[in-house]
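Visitor: sequence first, predicted coordinates after that:
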Amino acid sequence: MPGQPAQYQNEIYLHGLADQVPPFTTDATLVESVARERMAPGPFGYVSGGAGCGDTMRANRAAFGRWRIVPRMLTDATTRDVATTVLGTPMAAPVLLAPVGVQSIVHPDGELATARAAAALGVPMVLSTASSYPLEEVADANGAGQRWFQLYWPNEPEVCASLLHRAKLAGYSALVVTLDTWTLAWRPRDLDQAYLPFLRGTGVANAFTDPAFLAGLAKPPEEDQAMAVLRWVSMFTGQDKRWDQLPFLREHWDGPIVLKGIQHVDDARRAADAGMDGIVVSNHGGRQVDGAIGALEVLPEIVSAVGDRLTVLFDSGVRTGADLLKALALGASAVLLGRPYVYGLALAGEDGVRHAVRSLLAEFDLTLGLSGHRTPADLTPESLRHA
Ligand SMILES: Cc1cc2nc3c(=O)[nH]c(=O)nc-3n(C[C@H](O)[C@H](O)[C@H](O)COP(=O)(O)O)c2cc1C
Ligand SMILES: O=C(O)C(=O)c1ccccc1
């Protein structure tokens with residue numbers, strides 16, 4: 001990413017003078033309403049929706065509102081440096097693009113566009129197991145960019161080993177194992193529209209290109225697509241995994257391993273005891289347990305319990321530069337962005353992802369400086385007050 005993130009502010013003013021306004025709003029809290037007007041109802045409902053009545057999605061936002069920034073004056077913050085390195089991965093800012101499956105439901109270029117945008121931005125993408133393009137093609141699109149692979153841990157060990165082998169070969173440097181979605185939650189918006197991308201055959205690209213998966217089928221997908229899709233879906237459904245099975249992943253993956261979906265401090269301790277390299281404190285953007293605690297609420301206690309033993313990442317509800325600042329001040333090493341970049345993808349493809357993320361990073365950079373800080377490392381809980 002060229003120069004400081006805040007330069008994007010100048011670029012937008014200059015674009016404005018040339019009558020080339022950005023592809024959509026620069027306010028990430030408003031982009032959802034733009035997307036609601038322009039996206040088809042099925043995909044919009046799928047992306048924007050949460051579990052149940054949306055109580056946990058609101059709790060995620062409310063949790064940010066309870067922490068307030070207390071800015072400092074006359075400090076040296078004229079030039080900021082927001083670049084960082086997390087688990088050996090260099091990044092232009094403490095941000096990763098969260099794993100989001102089935103991206104072709106919002107834009108035909110799907111994960112390929114996201115991969116190109118991530119490389120241009122200098123931030124890593126985390127590719128979902130349920131991507132609409134094979135992980136090798138996404139790696140090609142990402143080129144010299146940084147990429148991690150998210151695993152929905154299949155019940156078939158051969159298929160699991162095969163996916164990990166392919167991801168390693170294709171240059172994915174860290175593994176993110178998602179624990180909170182061993183079955184999909186009650187999601188009324190999707191039920192009301194009978195909209196489940198999976199059963200429509202999206203998100204199967206990594207299966208239909210996997211030799212171990214194909215070897216286990218009675219008939220090839222061309223002959224019985226419905227059966228192949230059902231087999232893929234059933235591989236991820238049901239909770240047969242336990243903490244004592246984590247060594248299997250170590251045997252098949254030699255890079256950093258991060259557990260995603262940690263919300264209880266005792267689970268964070270178990271992850272550390274199991275020798276994991278990191279965790280993502282996350283409630284899956286409020287898409288799984290409705291009624292679950294706002295993700296930011298549990299971040300401080302988890303950081304105090306295990307922050308010296310593993311890397312703590314955060315997601316769920318980050319929408320503004322101030323949100324990013326707050327999560328970092330409370331001890332996250334970086335945050336994952338979910339829906340905001342997906343709306344960008346839906347509205348303007350690769351450009352849209354870039355616009356959505358650059359807007360948020362520019363706002364973060366300016367907020368950091370105006371609060372009196374030069375780098376993310378300068379942030380501590382004392383930069384905030386719980387109100
Ligand atoms: C449409 C959609 C699909 C998702 N698919 C996945 C997935 O395949 N794997 C995964 O680990 N998380 C998935 N997530 C969860 C995100 O990785 C992330 O935890 C969440 O979106 C963060 O919350 P936010 O959207 O409020 O930023 C998905 C989220 C959305 C909105
Ligand atoms: O919708 C989701 O939250 C999700 O994690 C998922 C699961 C399977 C396929 C695509 C997305």
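Guide: In hand now; what should we look at? Ligands and ions are numbered 1, 2, ... in the order given.
Visitor: neighbours around residue 113, how many?
Guide: 25 (other CB atoms under 10 Å). Every residue, glycine included, has its C-beta placed from N, CA and C.
Visitor: quick check: it touching residue 346?
Guide: No: look at residue 113 against residue 346 with CB atoms under 8 Å: they stay out of range, at 10.4 Å.
Visitor: overlap in contacts, these two.
Guide: Counting by CB atoms under 8 Å, 6 or more residues apart in numbering, the shared contacts of residue 113 and residue 346 are residue 107.
Visitor: which one is the residue in the stretch 251-387 of the chain positioned nearest to ligand 1 nearest to, not counting chain neighbours?
Guide: The minimum distance from the stretch 251-387 of the chain to ligand 1, using CB to the nearest ligand atom, falls at residue 338 (2.2 Å). Computed as CB to CB, 6 or more residues apart in numbering, the closest residue to residue 338 that is not its neighbour in sequence is residue 98, at 4.3 Å.
Visitor: next: residue 130.
Guide: Here the residue nearest residue 130, using CB to CB, 6+ apart, is residue 101, at 3.1 Å.
Visitor: again with residue 264
Guide: Nearest residue to residue 264 in three dimensions, chain neighbours excluded: residue 298, at 7.5 Å (CB to CB, 6+ apart).
Visitor: point me to the residue of the stretch 251-387 of the chain nearest ligand 2.
Guide: Taking CB to the nearest ligand atom, the stretch 251-387 of the chain has residue 287 as its residue nearest ligand 2, at 4.4 Å.
Visitor: that residue: neighbouring residues, count only.
Guide: 24.
Visitor: next, the contact list for it, please.
Guide: Counted by CB under 8 Å, 6+ apart, residue 287 has contacts 49, 50, 51, 57, 181, 185, 187.
Visitor: and it, what's its pLDDT?
Guide: Looking at residue 287, its pLDDT reads 98.
Visitor: please apply the same query to residue 200.
Guide: The score at residue 200 is 81. That number is its pLDDT.
Visitor: any idea how far it lies from ligand 1?
Guide: Here the criterion is CB to the nearest ligand atom, to the nearest Å. By it, residue 200 lies 14 Å from ligand 1.
Visitor: and that residue, how far from residue 236?
Guide: As judged by CB to CB, to the nearest Å, residue 200 and residue 236 stand 17 Å apart.
Visitor: residue 118 now?
Guide: For residue 118, the distance to residue 236 (CB to CB) stands at 25 Å.
Visitor: ok, the two, which is more surrounded?
Guide: Counted by other CB under 10 Å, residue 118 and residue 236 do not tie: residue 118 has more neighbours, with 31 against 19.
Visitor: tell me the contacts of the most centrally placed residue in the chain?
Guide: With distances taken as CA atoms, centre = their mean, residue 98 lies nearest the centre of the chain, 1.2 Å away. Neighbouring residues of residue 98 by CB under 8 Å, 6+ apart: 126, 285, 315, 336, 337, 338.
Visitor: over to residue 293?
Guide: 56, 59, 263, 283.
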